[in-house]
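Peer 1: Show me the folded form of this:
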Amino acid sequence: MKKRNQVWIAFCSAFPYTVPIFAGFLFLGIAYGIYMNSLGFNAVYPIMMSLIIFAGSMEFVAAHLLLVAFNPINALFLTLMVNARHLFYGISMLDKYKKTGKKKFYLIYGLCDESFSINYTVDVPMNVDKGWFMFFVTLLNHSYWVIGAAIGGIFGSLVQFNTEGLDFVMTALFVVIFIEQWMKEKKHHSSLAGLGLSTVSLIIFGGNNFIIPAMLAILGILTVLRRPLEKVEVTV
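Peer 2: Residues are numbered from 1 along each chain as shown. Next comes the predicted model:
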């Protein structure tokens, strides 16, 4: 009985922190579900992809990958590039996830930007089990995305309306991510390098083949110039 109380207290403590995430995930998940339906996929696809993949921006990209010729190498590199930041999230959470028992496996699996920001920064109250708190933050955020995708997938299949231009939601998503990153940066060397190298790759390789060369070029340039850029930031 005592353990049940601890679990319930952890859930009640975690839920308020996830309410803002609920609003964003629900709307974006609905857009994703409708977008998948507009591409010809029934509701099962966005529901299962949101449940299993659980990587918002990559799920939009995966929708396109399902429509083109099978290219696992391209998909692998694209996935690594889009979600490479999770490597750093995982390293940062090593201490946080200690002594969480079997919950650690789901905490690792369900780690996303929003769950990371909450679990890493929030000071869990003394009377709340830390492992269960982080578990419910992760589970709630995951469920919000799945619910949104399910609503969008089912709604899109039942209601017929003009979805022309809906595929722009993926472009808009990455534009918003870029703008947020731009606003966080004190210096914009990495952002400008990304824009410049992407433009050059677009000109050289064309619209259908520029993504992988651009990402490899960005990774290479930023790796080579990492220390000089860090020195510039320190001196400024």
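Peer 1: domain parsing for this protein?
Peer 2: 2-75+84-158, 185-235 (automatic domain parsing).
Peer 1: Confidence-wise, which of the ones you listed is weakest overall?
Peer 2: Among these, domain 185-235 has the lowest mean pLDDT, at a mean of 75.
Peer 1: most tightly surrounded among the domains of the chain?
Peer 2: Highest mean neighbour count among the domains of the chain (mean count of other Cβ atoms under 10 Å): domain 2-75+84-158, with a mean of 17. No exception for glycine: its C-beta is placed from N, CA and C like everyone else's.
Peer 1: all helices for this protein, in order.
Peer 2: Under the criterion DSSP state H, helices of the chain are mapped to 2-38, 44-52, 56-65, 72-82, 85-92, 103-109, 113-121, 130-158, 168-184, 189-205, 211-224, 226-235.
Peer 1: chain center to the longest one, what's the gap?
Peer 2: When you say that, I think you mean helix 2-38. Relative to the chain's own centre, helix 2-38 is displaced by 15 Å; criterion: Cα atoms, centre = their mean, to the nearest Å.
Peer 1: And the fourth one, by the same measure?
Peer 2: On the basis of Cα atoms, centre = their mean, helix 72-82 sits 15 Å off its chain's mean C-alpha point.
Peer 1: again, but for the second one
Peer 2: Centroid separation for helix 44-52 versus its chain: 15 Å, with Cα atoms, centre = their mean.
Peer 1: please renumber so the chain begins at 365
Peer 2: In the new numbering, first residue 365, that becomes helix 408-416.
Peer 1: Show me the contact partners of it.
Peer 2: The contact list for helix 408-416, computed with Cβ atoms under 8 Å, 6 or more residues apart in numbering, reads 393, 396-397, 400-401, 423, 426, 509-510, 512-514, 516-517.
Peer 1: okay, the angle between that helix and helix 366-402?
Peer 2: Counting by axes from the mean of the first three to the mean of the last three Cα atoms, to 10 degrees, helix 408-416 lies at 140 degrees to helix 366-402.
Peer 1: got the angle between helix 408-416 and helix 494-522?
Peer 2: 170 degrees.
Peer 1: Might you report the residue contacts of Val510?
Peer 2: Taking Cβ under 8 Å, 6+ apart, we find Val510 in contact with Gly393, Ile411, Ser414, Leu415.
Peer 1: How about Ile568?
Peer 2: Contacts of Ile568 by Cβ under 8 Å, 6+ apart are Phe574, Pro577.
Peer 1: repeat for Arg449
Peer 2: Neighbours of Arg449 in contact, by Cβ under 8 Å, 6+ apart: Asp477.
Peer 1: just to revisit the earlier point, got the domains of the chain as CSV, with distance to Ile543 columns?
Peer 2: Formatted as CSV, these follow (distance: least, Cβ to Cβ, whole Å):
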stretch, distance to Ile543
domain 366-439+448-522, 14
domain 549-599, 10
